[in-house]
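J.: can't give you the sequence, but here's the structure:
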């Protein structure tokens, strides 16, 4: 059962998401919060698998709430998915840097929303295609920073990180590298540990920030 925490200052939005989620046999909503501070408190009390967090809220916003959840060792198993009406670059960048596992705009289709919850619960990065393009565009216009931690990656781990940054799943990484899915997962997990990435979304950020992956014209289309 996937345990979900809803954090949004609009009751109507929360009730809509709750209705969608609780109609599914494998998902339950364990709590609701109206602001980021309350969301962090309820996350610590309920230890949800997923926290669906609105980016703009009074008192404590979604990015700061994400940062607090990501920094709490007791909440290492909680994946934050940021929800917003916007697709702005700065929100995307700061949310991912804060530790968000994914980012969705609120006009997402119901079936895509439910799929997103399940994807995030598996620990996979969740970035809407339009958001991914904007994120990549950000790195086109800025020089890569030097990241010495990349030196600790093996050749195969670096190859796996590049493929993850291109949006491939573990199975697709395995097929591309001609290895088993289990071995692919091992390479990805070891790279995450060496780079201190909380999840695959942060691994993607590090890959682009460091210049390990260079955005191409095809990425930006």
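T.: That came through, no problem. From a predicted model like this one, the values you see are computed outputs, not experimental measurements.
J.: those strands in this structure, which residues are they?
T.: 2-7, 27-33, 50-54, 79-84, 102-105, 126-127 (DSSP state E).
J.: pLDDT on the shortest one, on average?
T.: Averaged across strand 126-127, pLDDT comes to 63.
J.: just the third one next, same as before
T.: In this model, strand 50-54 carries a mean pLDDT of 94.
J.: And for the longest one?
T.: When pLDDT is averaged along strand 27-33, the result is 97.
J.: Next, the buried residues of it.
T.: For strand 27-33, a neighbour-count test (16 or more other Cβ atoms under 10 Å) marks 27, 29-33 as buried. For glycine as for every other residue, the C-beta is placed from the backbone atoms N, C-alpha and C.
J.: how far does that strand sit from the chain's center?
T.: Put simply, strand 27-33 sits 19 Å off its chain's centre (Cα atoms, centre = their mean, to the nearest Å).
J.: Quick one: the buried residues of strand 27-33 as CSV, columns for distance to residue 3 too.
T.: Converted to CSV, the buried residues of strand 27-33 look like this (distance: Cβ to Cβ, whole Å):
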residue, distance to residue 3
27, 8
29, 8
30, 5
31, 9
32, 13
33, 14
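J.: For burial, what's the neighbour tally of residue 183?
T.: 15 (other Cβ atoms under 10 Å).
J.: Could you identify the longest helix within this protein?
T.: helix 181-195 (DSSP state H).
J.: so which of the strands of the chain gets nearest residue 156?
T.: Set against residue 156 and scored by Cβ to Cβ, the strands of the chain come closest in strand 126-127, at 24.3 Å.
J.: where in the protein is pLDDT low?
T.: By pLDDT under 70, the weakly predicted segments of the chain are 86-90, 92, 124-148, 215-221.
J.: distance of the most centrally placed residue in it from residue 180?
T.: In the chain, the C-alpha nearest the mean C-alpha coordinate belongs to residue 101, at 1.6 Å (Cα atoms, centre = their mean). According to Cβ to Cβ, to the nearest Å, residue 101 and residue 180 sit 25 Å apart.
J.: which ones are touching the nearest residue to residue 157 once chain neighbours are set aside?
T.: Excluding its sequence neighbours, the residue lying closest to residue 157 (Cβ to Cβ, 6 or more residues apart in numbering) is residue 191, at 4.4 Å. Applying Cβ atoms under 8 Å, 6 or more residues apart in numbering to residue 191 gives the contacts 153, 157-158, 160-161, 197, 203.
J.: looking at those, which has the most residues close by?
T.: Going by other Cβ under 10 Å, residue 160 tops the contacts of residue 191 with 30 neighbours.
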